[in-house]
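In: From the sequence below, what's the structure:
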Amino acid sequence: MPLTAAETVAARALISLALAEDFGDTGDRTSLATIPAEATATAAFVGRAPGVVAGVSVAEWVCTAVDANLTFRAELSDGSAVQRDTRIATVSGSLRSVLAAERTALNFLQRLSGVATLTRKFVDAVAGLPVQLLDTRKTTPGWRLLEKLAVRAGGGTNHRIGLYDAILIKDNHIAGLGEPGSAVRRSVELARAYPGNAGLSVEVEVDSLDQLRQVLPVHPEIVLLDNMTNEQLREAVTIRNAMSPGTKLEASGGVNLSTVRGIAETGVDRISVGAVTHSAVALDIGLDYLG
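Out: Numbering: from 1, shown residues only. Presented below is the predicted three-dimensional model:
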């Protein structure tokens, strides 16, 4: 999966920070002391558990940032399924350099593959239903672009990247308007009228069916249905179909692997799941010395 220009910049900045954190002022003291300078080797990145791979390019950039003469060969691409003992990539060259790059490369590969693996589980859980599975902004600070890349590798869809690229009116925005009974509708009108927002879709959060009825006459592009029961979600779909069929409905809150399919079956268009990034467990991947 090719990285965008912004993802590439983010990856290289994180790699620089990570290597500086690991090397300090002296580098790998252990390898410098125990490994002859002329020693060379090949090692393989190998899956220790089943999952979905993400971050292969980032692992390569870690290796070449440590030593431009290292040779990295990917055997799987982002989004590929991996089983136990499946080889993901190999790296060859100076053994000191391979050992110096090992942990940082694995940290990126394991974390991003963990996000992709969890995302794929959610996507598989709603297979066959016309619904999008989206991430959120609940990401590791500084890692957002890479974690969202991993969501795509797992088959998910990216929500907005940040506060700058889309309008999402949340409950606290609405509360801050202080206009009981009209704030939710008024918030959409204000967002559309604000200079610079032309062409941006407007999403607004509601936590009741009454709020949904209040806002649909101004036809927001998306309504976020927060923490509603499946019965309420089904009723929301009926209300939307009658009042503003072009508005998409997004369910959020209370979404996990045991509930996501039931939510999808209500007829909502989108489900946003913060867990795919904030609760993903790193995929077990190791680096095996081949000689």
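In: show me where the stretch 51-200 of the chain has helices.
Out: 56-66, 95-125, 144-153, 171-177, 183-193 (DSSP state H, counting those that start in this stretch).
In: G267 belongs to a helix, doesn't it?
Out: No: going by DSSP: H, G, I helix; E, B strand; the rest coil, the assignment for G267 is coil, not a helix.
In: I'd like to know how far it sits from D78.
Out: 32 Å (C-beta to C-beta, to the nearest Å). Any C-beta I mention is one placed from the backbone N, CA and C, and that applies to glycine too.
In: Any regions of this structure where pLDDT drops low?
Out: For the chain, no stretch has pLDDT under 70.
In: hmm, back to that, turn the helices of the stretch 51-200 of the chain into a markdown table, including distance to A236.
Out: Shown next, in a markdown table, are the helices of the stretch 51-200 of the chain (distance: least, C-beta to C-beta, whole Å):
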| stretch | distance to A236 |
| --- | --- |
| helix 56-66 | 40 |
| helix 95-125 | 21 |
| helix 144-153 | 25 |
| helix 171-177 | 16 |
| helix 183-193 | 14 |
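In: quick one on the thing from earlier: give me the more crowded residue out of G267 and D78.
Out: With neighbours defined as other C-beta atoms under 10 Å, G267 and D78 compare such that D78 has more, 23 against 17.
In: In space, what's closest to the more buried one - neighbours in sequence excluded?
Out: M1 (3.8 Å; C-beta to C-beta, 6 or more residues apart in numbering).
In: Enumerate every residue touching that neighbour.
Out: 54, 57, 77-79, 149, 152-153 (C-beta atoms under 8 Å, 6 or more residues apart in numbering).
In: and those, which are buried?
Out: 54, 57, 78-79, 149, 152-153 (16 or more other C-beta atoms under 10 Å).
In: tell me the domain boundaries of the chain?
Out: 5-116+281-289, 124-278 (automatic domain parsing).
In: Is there a neighbour count for V215? I'd like the number.
Out: Neighbours of V215 (other C-beta under 10 Å): 28.
In: I misspoke; the intended subject was G27.
Out: 14.
In: can you check T277 too?
Out: 24.
In: Quick check: which element contains E235?
Out: Secondary structure from DSSP states H and E places E235 in helix 230-243.
In: which residues touch the helix or strand following that helix?
Out: For helix 230-243, the succeeding helix or strand toward the C-terminus, using DSSP H and E, is strand 248-252. By C-beta under 8 Å, 6+ apart, the surrounding residues in contact with strand 248-252 are 134, 136, 203, 205, 221-228, 233, 236-237, 240, 263, 266-273.
In: Are any of these buried, and if so which?
Out: 134, 136, 203, 205, 221-226, 228, 233, 236-237, 240, 263, 266-273.
In: ok so, going back, take the contacts of M1 and lay them out in JSON lines including distance to N256.
Out: Output for these, formatted as JSON lines (distance: C-beta to C-beta, whole Å):
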{"residue": "A54", "distance to N256": "21"}
{"residue": "S57", "distance to N256": "31"}
{"residue": "S77", "distance to N256": "29"}
{"residue": "D78", "distance to N256": "25"}
{"residue": "G79", "distance to N256": "23"}
{"residue": "L149", "distance to N256": "23"}
{"residue": "R152", "distance to N256": "21"}
{"residue": "A153", "distance to N256": "21"}
